[in-house]
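Trainee: sequence and predicted structure are below.
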Amino acid sequence: MSKTIFERIRDREIPASIVFEDEDVIAFRDIDPQAPIHILLTPKRVIPRINEALSSDKELLGTLLLKAAEIARNQGLAENGYRLVINNGPDGGETVPHLHCHILGGRTMKWPPG
Ligand code: 5GP
């Protein structure tokens, strides 16, 4: 099976502006930012989308959310706030089948989302 774009970033096959990495997750700036700060945080191990996560992924999913908040704090977003987004499937706007959390901040977000 061919690698996802995010696996190729993880494996340094294509460049990205990486802001954080440990043994479980990697975070990098979105190539098409939708806010002044737009970072993608993804598990290194591929889970295609949240709908396909298993109960055995519970710890990794917890890590993902806690790390998203830590990255947001480190980016200076905690005081004014930020948005975390996980798109799932075609109607959810998912385009890369490798679970990732969008960290969006630096502007006021609208609700409902488009
Ligand atoms: P999704 O639509 O699946 O929730 O989000 C995929 C995101 O990946 C999009 O915001 C898109 O701009 C970003 N993206 C797609 N290709 C690349 C790439 O090659 N590098 C980076 N840094 N981001 C990408």
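Mentor: Everything's here; your move.

Trainee: what does the host helix or strand of Arg8 rub up against?
Mentor: Secondary structure assignment for Arg8, by DSSP states H and E: helix 5-10. Applying Cβ atoms under 8 Å, 6 or more residues apart in numbering, the contact partners of helix 5-10 are 14-16, 18, 26, 28, 40, 42, 44, 46, 96, 98, 100. C-beta coordinates here come from the backbone N, C-alpha and C atoms, glycine included.

Trainee: among the residues you listed, which are within reach of the ligand?
Mentor: Filtering the contacts of helix 5-10 for neighbours of the ligand using Cβ under 6 Å from any ligand atom leaves 14, 16, 28, 40, 96.

Trainee: of these, grab the buried ones for PyMOL.
Mentor: One line in PyMOL is enough to select the buried members of the ones next to the ligand among the contacts of helix 5-10, burial here meaning 16 or more other Cβ atoms under 10 Å:
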select buried, resi 16+28+40
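
Trainee: and the two most separated of the ones next to the ligand among the contacts of helix 5-10?
Mentor: Farthest-apart pair in the ones next to the ligand among the contacts of helix 5-10 is Ile14 and Leu40; separation 13.3 Å (Cβ to Cβ).

Trainee: contacting residues for the closest residue to Gln75 other than its chain neighbours?
Mentor: Closest residue in space to Gln75, ignoring its immediate chain neighbours: Ile37 at 5.3 Å, by Cβ to Cβ, 6 or more residues apart in numbering. If you count contacts by Cβ under 8 Å, 6+ apart, Ile37 has them with 75, 77, 82, 103-106.

Trainee: can you name the residues bridging to Glu21?
Mentor: As for beta bridges, Glu21 partners with Ile26 under DSSP bridges.

Trainee: having no further points to raise, I will conclude here.
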